[in-house]
Structure formats: C-alpha cells, structure tokens
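A.B. asks: build the 3D model from these lines:
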Amino acid sequence: MSFFDKFFNKEKSADLDKGLEKTKTNIFSKLSRAVAGKSKVDEDVLDELEQILISADIGIDTTVRIIEKLEARVAEDKFMNTSELNTILREVIVNLLSENNIEDLEDFEFSTEHMPHVLLVVGVNGVGKTTTIGKLAHQYKTRGWRVLLGAGDTYRAAAVDQLKIWSDRVGCDFFGKGMGADPAAVAYETVQHAVNTQRDVVIIDTAGRLHTKKHLMQELTKIRNSIGKKLPGAPHEVLLVLDATTGQNAIEQCTKFSESTDVTALALTKLDGTAKGGVAIGISDTFKIPIKYIGVGEGIEQLQIFNKQAFVDSLFKGEEVVEEG
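C.D. replies: Next up is the predicted model:
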C-alpha cells in the first residue's frame, strides 16, 4: 500500500485531484509545448520550465533550486529525454520538500500534553479564515473532541454571527461577547470558559487585518499575552490562513505575520480556484512552517490535512510531458 493510499481514501484523493486541476493544466500544458519537437532536455527547455514554475507561483527562490537540481541531474546523466522530464521533475520536488524536515500529519490531530488545546487563528480579510475554523471544528468534533469556538473578531459586523452559525452547524460550543468587545478580553474569557467546562480544543477567531497595518499586527501580541495569562503556555498553536489564489502575495503575508507573531502552522485555502497552487511548494520551502491544512473545495469535508508526498503525487498523477514532431 502506497503512502498516498494509506492516508487518503478515494473520496479525499478525488477532491485533491480536482482541487489541483487548474494548477496541473497550467504547468503541464505549457511544459508539453515547451518540449514540442525536442528529443532532449537542453538549456532552452530548462529556461522555459523556469518560467512555467514561476507562473505557477512556486516562487523564484524555490524555482531556482528546482532548476539547479535538474541541471545537476542532466550533467550527471549526460542526457535526459524530454519524456523523462516529468518523472525527474516530480522526484526533484519531492526531495526538495523532504529536505525541509517538516513532519507531515497523518490525521487531524494535536498534542494532548496540555488540555485544553488552544488554537489562535490569524490572517487577512477574505482568506476564508472563519470558514476554515468551522471546517476544522467539524473535523475535531467528528473525532470525538469537545470543541469551543471563541469569537475574537469583534470588528466586523457579521463576524460573531458567522462563527455562531458555524458552531451550530458543527454542534460545538460557542463563546462571544458581541461586536465592539475587546478581542484580548474575549480571548481570555474564551479560554476561561473552556477550562471551566472542560473542553478539549479551543479555536479562537481574530479580526482580519492587513499585514501592512503595524498597529493591528501588534494587537495580536496583546491577544496572545491575554491567553497566556489565563493558561500558561497557550496558545499552543497559531494558525495563519492564506488564500492560494493570491499567489505570491500569500508569501508576503506569511513573511509579515511571521515577523509579528509566532506562527506555528499554515492553512492554505481555495486551491481549487487557482492555477497557482504551486505556491504551496514555495511556502513550504521558504518558511519551514508546516502547511497543516489545505482547502480543496467549499464542502465541509473538503478541508484536508496537507501531506507533501500526497500533494506531489496528485499534482503529477496522470500527467505526461508529450513530445511532438
């Protein structure tokens, strides 16, 4: 049984394949045109491949590393058929991501060393932050954990109501103090409520904030400190939600949020809506912060754990670089 088959059932595998369809088409249709009429991988093919990978938002630095590894393979083997390029490229990407020493999750899981487990969710407006919280709560609830959602986004008019709707849909507890409340106080009291009611997992929403607004970014520190006062060592995770459709802007957001707070994990949403899903490879390689979750559709079950091997398997599944001429 392969790694992919072990951790991904047929339905999840199909969702991932469909979610990456636009990215696959973007990369491999261009790659087939790049090798048309060529019998070997030469400098022109590698130059064209470099532009293709950049257009998939893998990122310049990561793309350069991939091309350098391909060049080394060509030099070592002396000759590489264009028909072999697909296989070699896949191996290079897998090996590159494996070098990051980021441990892949096998399921929606968290450390039970400290209970309740407190997860603080951050990100800019419009990335799907609250929806990701709802889907994550569903996954935890399905596995038998007692979940509490905290409405720390007290700025946006519908944010509290939106999170309450998700808690009702999932069937988990909810804590909020309404719009205009101090978000640090809400975070503190959410954790207090979780301790008093013996919840297993606490997921706290925060207001979407532009990563360019320094004072809003600094507020995250206040929220973290408030949580830590109530429960030393918490939050145990800070999850940054990024929108894959924003491409390289997602990398910029990750840079700024990492500077302002201790981001421990990433969730990459809306992969099904973009041809630039390669950003997952670039982010993983650049920040060494684990991508824990990916969104591959709107359904409540379509938030998946991210696994490097499974991601690359799906990206290359059924794709061939076609020689013409």
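A.B. asks: for Ile203, phi and psi?
C.D. replies: Reported as degrees, to the nearest 10, the phi and psi values for Ile203 are phi -120, psi 120.
A.B. asks: hang on, isn't it packed against Leu148?
C.D. replies: Yes - Ile203 is within contact range of Leu148, at 7.4 Å (criterion: CB atoms under 8 Å). Bear in mind the C-beta positions are built from the backbone N, C-alpha and C, glycine included.
A.B. asks: the two: which is more packed in?
C.D. replies: Neighbour tally, Ile203 and Leu148, criterion other CB atoms under 10 Å: the higher count belongs to Ile203, 28 against 23.
A.B. asks: tell me the secondary structure at Val238.
C.D. replies: The assignment at Val238 comes out as strand when based on DSSP: H, G, I helix; E, B strand; the rest coil.
A.B. asks: how about Leu242?
C.D. replies: Applying three-state DSSP: Leu242 is strand.
A.B. asks: residues in contact with it?
C.D. replies: 123, 127, 250, 253-254, 266-269, 283 (CB atoms under 8 Å, 6 or more residues apart in numbering).
A.B. asks: ranking those by neighbours, who comes first?
C.D. replies: Greatest neighbour count in these, by other CB under 10 Å, goes to Gly123: 29 neighbours.
A.B. asks: three-state assignment of Lys40?
C.D. replies: Assignment for Lys40 (three-state DSSP): coil.
A.B. asks: isn't it right up against Asn81?
C.D. replies: Yes - with contact defined as CB under 8 Å, Lys40 counts as touching Asn81 (6.3 Å).
A.B. asks: the contacts of Leu242 in strands, which ones?
C.D. replies: Applying DSSP state E to the contacts of Leu242, the entries found in strands are 266-269.
A.B. asks: returning to what we had before: as CSV, the contacts of Leu242 with pLDDT would be great.
C.D. replies: Conversion of the contacts of Leu242 to CSV gives the following (pLDDT from 0 to 100):
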residue, pLDDT
Gly123, 93
Val127, 92
Ala250, 90
Gln253, 89
Cys254, 90
Leu266, 93
Ala267, 96
Leu268, 94
Thr269, 95
Ile283, 89
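A.B. asks: go through the residues you listed and say which is closest to Thr221.
C.D. replies: Comparing the contacts of Leu242 against Thr221 with CB to CB picks out Gly123 as the nearest, at 16.1 Å.
A.B. asks: surely the closest one and Ala207 touch.
C.D. replies: No - between Gly123 and Ala207 there is no contact under CB under 8 Å: 9.9 Å.
A.B. asks: which residue ranges form the strands in the stretch 51-200 of the chain?
C.D. replies: In the stretch 51-200 of the chain, the strands defined using DSSP state E, counting those that start in this stretch lie at 117-122, 147-152, 173-175.
A.B. asks: please name every helix or strand in contact with the last one.
C.D. replies: Judged by 3 or more CB pairs under 8 Å, 6 or more residues apart in numbering; DSSP states H and E, the packing partners of strand 173-175 are strand 147-152, helix 159-170, helix 183-197.
A.B. asks: got it, and the second one?
C.D. replies: With contacts defined as 3+ CB pairs under 8 Å, 6+ apart, the packing partners of strand 147-152 are helix 129-142, helix 159-170, strand 173-175, helix 183-197, strand 201-206.
A.B. asks: Gly295 is nearest to which of the ones you listed?
C.D. replies: Each of those was scored for nearness to Gly295 using CB to CB, and the closest is helix 129-142 (6.7 Å).
A.B. asks: how far does that closest one sit from its chain's centre?
C.D. replies: 14 Å (CA atoms, centre = their mean, to the nearest Å).
A.B. asks: adjust the sequence numbering to begin at 26 for everything that follows.
C.D. replies: Understood, numbering begins at 26; the last thing we discussed is helix 154-167.
A.B. asks: list the buried residues for that helix?
C.D. replies: 154-166 (16 or more other CB atoms under 10 Å).
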